[in-house]
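Q: no sequence on this one, just coordinates:
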């Protein structure tokens, strides 16, 4: 199961941040084994013990694959969110309620695009 997570945060008039669905999904992955690929092509695989709103995260029981393919084991590692390309999440998270809201938004956007295309054809 592959999911690309990115940081999205909106600010309302009361200036309280609204945490995006992607960040909620990441927090649901805590306690599960994930793979993190970095912008520099390194990979870390381990148990996600903690994540933050900016996607900073801590992994425990880590296997690290360097850019040259060399593999090493680490007890724990802290990863800066800004250096992450993507997360590979466990299959069981595909039924998370946040994914359902993302699917609904995507479906609505597709319907809107189709309506606009149909209108332009009629003109």
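A: Looks like it arrived, so ask away. The shown structure was predicted, so the numbers you read here are calculated from the model rather than taken from an experiment.
Q: and residue 67, how far is that from residue 79?
A: 15 Å (CB to CB, to the nearest Å). Where you see a C-beta, it was placed from the backbone N, CA and C, and this is true even at glycine.
Q: quick one: the strands in this structure?
A: 9-11, 17-19, 33-38, 43-51, 57-65, 71-79, 84-88 (DSSP state E).
Q: among these, which is nearest residue 98?
A: Checking those against residue 98 by CB to CB gives strand 17-19 as the closest, at 10.0 Å.
Q: now that closest one: mean pLDDT?
A: The average pLDDT within strand 17-19 is 58.
Q: need the longest helix for the protein.
A: helix 97-122 (DSSP state H).
Q: circling back to that earlier point, okay, residue 67 and residue 79: which has more neighbours?
A: A count of neighbours by other CB atoms under 10 Å puts residue 79 above the other of residue 67 and residue 79, at 19 against 10.
Q: show me what contacts that one?
A: Residues in contact with residue 79, defined by CB atoms under 8 Å, 6 or more residues apart in numbering, are 36, 38, 44, 56-59.
Q: going through these, which ones are buried?
A: Buried members of those, scored by 16 or more other CB atoms under 10 Å, are 36, 44, 57-59.
Q: which among the strands of the chain is found nearest to residue 100?
A: Ranking the strands of the chain by their distance to residue 100 (criterion: CB to CB) puts strand 17-19 first, at 16.4 Å.
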